[in-house]
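Colleague: this one's sequence-less:
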């Protein structure tokens, strides 16, 4: 459920492993930071330029919110390098970022565990829609890599970009 067919995955460069079960839509738990590849951020930036901001520090996270951001709308994808469903839904998330009028960001839970803990993220991928001046202004949550569910929730809460 929610994973991309091979033909679409290949088009977006997110080829799924044949060993991955189709019903795997989320990952729980985690791996140590030592097992992660250090090339993930550079690869993301090259594949999806300027559509999704990668949060690399608590300061980056904090700049998304504040008194001057009353109408602020932030869509957060909590992910991990080792999470196959996170990788499978990534092209969908980046496509949504080009179609909807909000700030789309990505948080690696292994790199930014303090942020993930503060938002009570326990599985990946988890998507949060936040609105307003505080991180606690939660509008909606989507857990798992279900394309239809993610798209539906974003369509419900986020205005489309105008051409």
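Modeller: Received it, and whenever you're ready, just let me know what you need. Because the structure is a prediction, the values reported are computed rather than measured. Residues are numbered from 1 along each chain as shown.

Colleague: Helices of the chain, residue ranges please.
Modeller: 6-12, 40-47, 58-62, 84-99, 113-118, 147-157 (DSSP state H).

Colleague: among these, which is the most enclosed?
Modeller: When you average the neighbours per residue for each of the helices of the chain (mean count of other Cβ atoms under 10 Å), helix 84-99 leads with a mean of 21. Where C-beta positions appear, they are placed from N, C-alpha and C, glycine not excepted.

Colleague: What average pLDDT does it get?
Modeller: For helix 84-99, the mean per-residue pLDDT is 96.

Colleague: Compute the inter-axis angle for that helix and helix 147-157.
Modeller: Helix 84-99 and helix 147-157 meet at an angle of 30 degrees, taking axes from the mean of the first three to the mean of the last three Cα atoms, to 10 degrees as the criterion.

Colleague: helices or strands up against helix 84-99?
Modeller: Applying 3 or more Cβ pairs under 8 Å, 6 or more residues apart in numbering; DSSP states H and E, one finds that helix 84-99 makes contact with helix 6-12, strand 27-28, strand 73-79, strand 103-108, helix 147-157.

Colleague: Turn these into a markdown table, columns for distance to residue 54.
Modeller: What follows is the helices and strands packed on helix 84-99, written out as a markdown table (distance: least, Cβ to Cβ, whole Å):
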| stretch | distance to residue 54 |
| --- | --- |
| helix 6-12 | 18 |
| strand 27-28 | 19 |
| strand 73-79 | 10 |
| strand 103-108 | 5 |
| helix 147-157 | 19 |
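
Colleague: now those as CSV including mean pLDDT and distance to residue 89?
Modeller: Shown next, in CSV, are the helices and strands packed on helix 84-99 (pLDDT from 0 to 100; distance: least, Cβ to Cβ, whole Å):
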stretch, mean pLDDT, distance to residue 89
helix 6-12, 44, 10
strand 27-28, 64, 11
strand 73-79, 95, 8
strand 103-108, 96, 11
helix 147-157, 96, 7
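
Colleague: Fine, thanks again, bye for now.
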